[in-house]
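Colleague: Need a 3D model of the following:
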Amino acid sequence: MKLASTRELFAYWDRCRGDRPAPDREDIEPGAIRRLLGDVFMLDLEPGCGHPFRLAGTRLCSAFGRELKGTPFFPLWTDVGPIRDLIATLTDETAGAVASVTGKNAEGGLLAFEMLLLPLGHRGRMPARILGSLAAREMPWWLGAKPITGLRLEALRFVGPTTDAVEPPRFAAPPAQPSGRPALVVYDGGRGR
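Modeller: Purely as a prediction, here's the structure:
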């Protein structure tokens, strides 16, 4: 996570979840993350509806030049396949993800974003919602004046308790060589000169 706001939202989510795979929607208190709210959004996990925004921060809506609440998440993407697969993986695994995203405006201007997606439970369903943020890495003069017309998913990394629990591979020590035996043996390959 490159941006301080992304790290702060992840740390808050992690504190709220405790020892559970993810916190419940009721555990999230907007006042605790008020500094971040401009870039924060919440999605309903309704695949048939394109995962509509339950809420979307003001900077996020300004970047797209319109109110996003109630609109589906998928149409923001130029290639829906990768983001659809990512959301499916997050819901199946109850894991989060941090991703590099490129936004493009109608004139071809590009802007790098960092996106965080984190699962939330709601009324006994786990996961039922996604808490996320989409924060610009820089603020070009045109942001808010020339709306982002499409997003493209670049690199991503999974985060959260399920990914933190995976142990790194352990390498076995090489077997000891018996004394008197050479460590390297060269066999004639059969090729004639």
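Colleague: where's Pro119, which helix or strand?
Modeller: Using DSSP states H and E, Pro119 falls within strand 110-122.
Colleague: Packing partners of that strand?
Modeller: helix 4-17, helix 80-93, strand 96-105, strand 125-136, strand 148-159 (3 or more Cβ pairs under 8 Å, 6 or more residues apart in numbering; DSSP states H and E). The C-beta positions use only the backbone N, C-alpha and C, and glycine is treated the same way.
Colleague: Nearest to Gly48, out of the ones you listed?
Modeller: helix 80-93 (12.3 Å; Cβ to Cβ).
Colleague: If we go by neighbour counts, what in the closest one is buried?
Modeller: 83-84, 86-87, 90-91, 93 (16 or more other Cβ atoms under 10 Å).
Colleague: show me where pLDDT drops low in the chain?
Modeller: 161-193 (pLDDT under 70).
Colleague: what do you get if the cut-off is 80, keeping everything else the same?
Modeller: 47, 124-125, 160-193 (pLDDT under 80).
Colleague: how about the residue nearest to Pro75 when sequence neighbours are not counted, what does it touch?
Modeller: Distance criterion Cβ to Cβ, 6 or more residues apart in numbering; nearest residue to Pro75, sequence neighbours excluded, is Gly50 at 6.7 Å. Counting by Cβ atoms under 8 Å, 6 or more residues apart in numbering, Gly50 touches 72-75.
Colleague: Can you tell me which of these comes closest to Leu3?
Modeller: Distances from Leu3 to the contacts of Gly50, taken by Cβ to Cβ, are shortest for Phe73, at 20.4 Å.
Colleague: Look at the closest one and say how many residues are nearby.
Modeller: 24 (other Cβ atoms under 10 Å).
Colleague: what's the closest non-adjacent residue to it?
Modeller: His51 (4.4 Å).
Colleague: wait, doesn't the one you found sit right on Gly70?
Modeller: No: taking contacts as Cβ atoms under 8 Å, His51 lies outside contact range of Gly70: 11.8 Å.
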